[in-house]
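In: no FASTA, just this:
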């Protein structure tokens with residue numbers, strides 16, 4: 001059994017086991033293929049509901065290709081770590097740890113960020129303002145050495161592994177017709193980015209309340225008033241992403257300027273801050289020492305509001321989950 005297939009099956013078992021702006025804001029994320037438009041075809045399902053090969057459009061093939069690459073441990077040096085090893089759907093594609101060690105067990109130095117709405121971000125790391133596209137970002141975890149994450153020695157090794165798989169050959173041919181199905185250092189990142197751009201989260205209780213489809217509980221309503229008012233949270237956590245995408249210092253213990261994280265699904269992405277040093281929402285709130293002082297009651301209300309930013313559909317959407325072993329085409 002290939003190491004990647006073994007890891008995919010392990011991840012499948014894990015998955016089965018665990019089986020912003022104010023009221024006037026109407027901003028939406030950048031246009032991407034909708035998950036509902038992909039529905040059964042994107043999942044590789046036939047009209048009868050049975051999984052099996054079907055015809056995919058070029059864009060659907062690119063997304064399904066990226067999805068398989070995202071969950072494939074063969075993209076790591078020793079075949080033990082996939083992108084999904086650090087970005088788990090149940091954690092809004094974060095991982096629930098302060099930092100994540102790479103394949104050499106070298107400790108990580110940054111908290112794994114959520115990938116919810118990642119296609120709408122202008123910069124893609126906590127500190128580096130120069131990585132501005134998802135295609136660029138692929139090289140950081142796959143080939144980076146500061147610290148080692150996935151530990152792939154180079155493109156030659158990665159492309160040799162991918163090009164040897166019959167399913168990948170079919171998917172690249174369908175996804176990159178103008179390039180005659182080329183498997184190279186340009187098309188692999190493009191496929192991964194295509195999948196990551198459909199990871200859109202916009203159906204939290206807060207979203208529903210904005211559309212007058214639901215009501216926030218009383219404490220959460222008070223927390224929302226604080227968030228967009230006296231607590232000044234929205235000075236940085238604004239817009240659809242609940243992030244201004246700018247870089248700020250939050251206190252004297254963190255002198256570096258850190259990109260404002262999105263707060264969508266923040267209730268399932270603990271621990272917090274760029275180094276994972278805040279184990280709870282309360283600790284994260286208290287780490288913002290430059291912000292107005294809050295009472296314990298106000299902190300509790302803010303926590304209640306932040307919990308309403310969780311989107312259950314995003315956490316359980318099968319189109320984002322581990323793909324079936326059967327090739328979709």
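Out: All right, it came through fine. If you're wondering where the values come from, they're calculated on a predicted model, not measured in any experiment.
In: residues contacting the spatially most central residue of the chain?
Out: The residue lying closest to the centre of the chain (CA atoms, centre = their mean) is residue 115, at 1.5 Å. Residue 115 makes contact with 87, 92, 93, 94, 196, 199 under the criterion CB atoms under 8 Å, 6 or more residues apart in numbering. To be clear about C-beta, it is placed using only N, CA and C from the backbone, and glycine gets the same treatment.
In: the third one and residue 117, how far apart?
Out: The one in question is residue 93. Distance from residue 93 to residue 117, counting by CB to CB, to the nearest Å: 10 Å.
In: hmm, back to that, check which helix or strand covers the residue nearest to the centre of the chain.
Out: Per DSSP states H and E: residue 115 is located in neither a helix nor a strand.
In: model confidence for the closest residue to it other than its chain neighbours, exactly?
Out: Spatial nearest neighbour of residue 115, excluding adjacent residues (CB to CB, 6 or more residues apart in numbering): residue 93 at 3.6 Å. Turning to residue 93, the model gives it a pLDDT of 98.
In: do a quick rundown of the strands in the protein.
Out: Secondary structure of the chain (DSSP state E): strands located at 247-248, 258-259.
In: how about a markdown table for those strands, with mean pLDDT, mean neighbour count and distance to residue 203 added?
Out: Below are the strands of the chain laid out as a markdown table (pLDDT from 0 to 100; neighbours: other CB atoms under 10 Å; distance: least, CB to CB, whole Å):
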| stretch | mean pLDDT | mean neighbour count | distance to residue 203 |
| --- | --- | --- | --- |
| strand 247-248 | 94 | 15 | 28 |
| strand 258-259 | 94 | 20 | 25 |
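In: what's the closest of those strands to residue 167?
Out: Relative to residue 167, the nearest member of the strands of the chain by CB to CB is strand 258-259, separated by 36.2 Å.
In: relative to that closest one, what are the paired strands and their orientations?
Out: Strand pairing for strand 258-259, determined by DSSP bridges: strand 247-248 (antiparallel).
In: quick one: contacts of the partner strand?
Out: Contacts for strand 247-248 (CB under 8 Å, 6+ apart): 127, 129, 236, 257, 258, 259, 260.
In: sketch out the low-pLDDT regions of this protein for me.
Out: The chain contains residues with pLDDT under 70 at 1-53.
In: buried residues in stretch 63-79, which are they?
Out: Neighbour counts over stretch 63-79 (16 or more other CB atoms under 10 Å) mark 63-77, 79 as buried.
In: mind checking the end-to-end distance for that stretch?
Out: Taking CA to CA, to the nearest Å, stretch 63-79 runs 22 Å from one end to the other.
In: same question for stretch 120-134.
Out: In stretch 120-134, first residue to last residue: 10 Å (CA to CA).
In: do a quick rundown of the helices in this protein.
Out: 3-17, 35-42, 58-70, 83-86, 134-137, 139-143, 155-163, 166-175, 187-196, 205-210, 218-228, 281-287, 296-307, 312-316 (DSSP state H).
In: quick one: which of those is nearest residue 268?
Out: Closest approach to residue 268 among the helices of the chain is made by helix 312-316 (6.8 Å; CB to CB).
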